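**Student:** how does the following fold in three dimensions:
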Amino acid sequence: MSKIDRIEVLMVDLVPKVKRTDAIQSFVSQETPIVRIYSDDGQVGTGYSYTIGTGGHAIVDLIARHLAPQLIGHDPEMIEEIWKKLFFHTHATAVGAITALALAAIDTALWDMRCRRANRPLYKEAGGAQRSVPLYTTEGGWLHIEPSELIEDALRAKEAGFGGSKIKVGRPPQEDVKRLTAVREALGHDFEIMVDGNQGASVDEAIRRARLYEPLDLGWYEEPLPAEDLDGHQRLSASTTLPIAVGESIYHPSHFREYLQRRACSIVQVDVARIGGITPWLKVAHLAETFNVAVSPHFLMELHVSLCSAVPNGRWVEYIPQLDGLTHIGMMIRNGRAVPSEEPGLGIDWDWDAIKKQTSEGTHIIVR
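**Tutor:** Numbers count the residues shown, from 1 in each chain. This is a model prediction of the structure:
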């Protein structure tokens, strides 16, 4: 039996390539905590998570001080056991974002090691349901972008074979309708348009907006309300024909169960970092499958391509490049579809020279 004998933790702070704005915030930083787990038989697994500007140092500190020491001497193949152990070790700060993001960095590293030891890619090791997944783009749909630019970006995406574009909403309702209508008229009805409210509306406003959006035949209305407002999502879902999408701000599988049981959503957007890693991500995806609900995860396309390919209900991968500056080769795209790597592991070809140069001061820690 192999044992974990060393954990390396560091963080890279990335600047987004384009200006990113939504109904409640603007993204100016993308902190990326990275964990490398070493076993005594020479295997190494690399995992990561992210923030959108705050909390990265807290994640690194939580891993280095409290979680990594729990791993020393443990069998890295016992991934479920480790996840549960670490979750209960941090029960005073769970369920919550910082804890989930820290758990995800460790859990994805363990899965990377498992796949490498088995000499299999993640999408096969975790299920092997599909060989590619449709792509939609968000990168050209931010809230500050005007209709002409929205149309140009959507046309480029369609020409590249992408199946849809997501557009942020949060301007005055009729202004958002005008923007969406311009894109629909330019792109036609053979191209999906999704909208994202980023939790910016109250229940009455979301119900009104959904009524205004319905004639546009949208793919979904994403995060219309604060994620903690389960009752509001249930009321909204019952009042509209638009599919309601939730998940990027939900941090435990049980909360997805509650949404699904109460018919408060019809698209699940479970985020592998914010749910705490691959182990709980797969639980949520299979849970959604039992409700005949599709999975279209938030962000992290470089990892979600393999996870969506692992499950039969993985419907979309969201195109927002994250790791280009830290990897040798980006995610493979073929005819507008995301294609998982066939290489053993997570399928991410890390550029360690670039990572070393960009590591934030004071965040490189080794635990033995």
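**Student:** helices along the protein, start to end?
**Tutor:** Counting by DSSP state H, the segments of the chain that form helices are 56-62, 68-71, 79-89, 97-118, 122-125, 147-159, 173-187, 203-213, 230-239, 253-261, 278-290, 301-310, 352-358.
**Student:** I'd like to know which of these is closest to residue 220.
**Tutor:** Nearest of the helices of the chain to residue 220, taken as C-beta to C-beta: helix 203-213 at 10.2 Å. No exception for glycine: its C-beta is placed from N, CA and C like everyone else's.
**Student:** show me what that closest one is packed up against.
**Tutor:** When contacts are defined as 3 or more C-beta pairs under 8 Å, 6 or more residues apart in numbering; DSSP states H and E, helix 203-213 packs onto helix 173-187, strand 221-222, helix 230-239.
**Student:** and the helices of the chain, which is most packed in?
**Tutor:** Looking across the helices of the chain with neighbours counted as mean count of other C-beta atoms under 10 Å, the highest average goes to helix 301-310: a mean of 27.
**Student:** just put the helices of the chain in TSV and tack on distance to residue 46 and mean pLDDT.
**Tutor:** Formatted as TSV, those follow (distance: least, C-beta to C-beta, whole Å; pLDDT from 0 to 100):
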stretch	distance to residue 46	mean pLDDT
helix 56-62	15	97
helix 68-71	14	98
helix 79-89	15	98
helix 97-118	5	98
helix 122-125	12	98
helix 147-159	30	97
helix 173-187	39	98
helix 203-213	40	98
helix 230-239	35	98
helix 253-261	24	98
helix 278-290	13	98
helix 301-310	11	98
helix 352-358	9	97
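**Student:** would you list those helices in TSV and tack on distance to residue 334?
**Tutor:** As requested, these are arranged in TSV below (distance: least, C-beta to C-beta, whole Å):
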stretch	distance to residue 334
helix 56-62	33
helix 68-71	37
helix 79-89	31
helix 97-118	22
helix 122-125	15
helix 147-159	15
helix 173-187	22
helix 203-213	32
helix 230-239	35
helix 253-261	31
helix 278-290	23
helix 301-310	11
helix 352-358	25
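**Student:** mind checking those for the one nearest to residue 365?
**Tutor:** Checking these against residue 365 by C-beta to C-beta gives helix 56-62 as the closest, at 7.1 Å.
**Student:** domain assignment for the protein?
**Tutor:** Domains of the chain are assigned by automatic domain parsing as 4-119+351-367, 123-349.
**Student:** roughly how far is the first one from the heart of the chain?
**Tutor:** Its chain's C-alpha centre lies 15 Å from the corresponding centre of domain 4-119+351-367 when counted by C-alpha atoms, centre = their mean, to the nearest Å.
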